[in-house]
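*Asks:* Below is the sequence, then the predicted model.
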Amino acid sequence: MAIRHRLIEASPQQVWDVLAASDRYGEWVVGTAKSRPCRGNWPEVDAALTYEFRLGPATLTNETVVRRCEEGSALELEAIAGPLGTARIAIELRPWGEHCLVIVDEHPLRGTGGRLHNVAVEGLIQLRHRTMLARLAEICETYANGDGDRRERATAGPRRGADRA
C-alpha cells in the first residue's frame, strides 16, 4: 500500500478548493490529460471525471469516480483503468497549525494491477505520489499566497526544492 504525505503551506480549505475543482484535476494528477466531468457534481459521491492517460505512445481513456467525500477533510476515489484494473486513492487533509498535512493512500482493488502489484510497482506509485504532491503543493501555495495567475504558475511545474516529502 503506497502511503505518502506532505505538509502544504496553505490552509486545509485552500487545498480542498483545489481538490474540489474538477477542471484542475489534470494540473496535479500525474499522467492525466484532457480531464472533464462525465457524471454528477464533482466531488460529490458517484460523480466522475473522464480523462486521457498517456503511457508512452499509447493513450488510454480512464475514469475516476468519487466513492467517499467528507467536504474539507477526505476524498476517496476509484480510478478505473480498463484492462489495468482499478485502484483506490484516498486523500486526507489534516490541519497542521495554519497549514495542511495531505496524506495520500493508494492501492489496487481489482484487475491486472492488483494481480501484478509488487514492491517494484509500489516504488513507482511512491514516485508518482511524490510528484503529484509537489504539484498539488505548488498550486495550493501559489493560491494561498495570492501570487499572480495561479493556473499559469501551476502549469510551470514545481519550484526548485518544493518536494520536501
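*Replies:* Yep, that arrived. Numbers count the residues shown, from 1 in each chain.

*Asks:* now the strands for this structure?
*Replies:* 2-8, 32-39, 48-55, 58-70, 74-80, 86-96, 99-110 (DSSP state E).

*Asks:* list the buried ones in the second one?
*Replies:* It stands for strand 32-39. Neighbour counts using 16 or more other CB atoms under 10 Å place 32, 35 of strand 32-39 among the buried residues. Bear in mind the C-beta positions are built from the backbone N, C-alpha and C, glycine included.

*Asks:* same deal with the first one?
*Replies:* In terms of neighbour count (16+ other CB under 10 Å), strand 2-8 has its buried residues at 2, 4, 6-8.

*Asks:* What is the nearest of those residues to Gly72?
*Replies:* Closest approach between those and Gly72, by CB to CB: Ile8, at 14.0 Å.

*Asks:* I figured the closest one was touching Ala137, is that so?
*Replies:* Yes. Contact status for Ile8 versus Ala137: in contact at 4.6 Å, counting by CB atoms under 8 Å.

*Asks:* Now the common contact residues for these two.
*Replies:* Val102 (CB atoms under 8 Å, 6 or more residues apart in numbering).

*Asks:* Return the longest helix in the protein, judged by number of residues.
*Replies:* Longest helix of the chain, by residue count under DSSP state H: helix 119-145.

*Asks:* Give me the helices and strands touching that helix, please.
*Replies:* strand 2-8, helix 12-19, helix 25-28, strand 99-110, helix 150-154 (3 or more CB pairs under 8 Å, 6 or more residues apart in numbering; DSSP states H and E).
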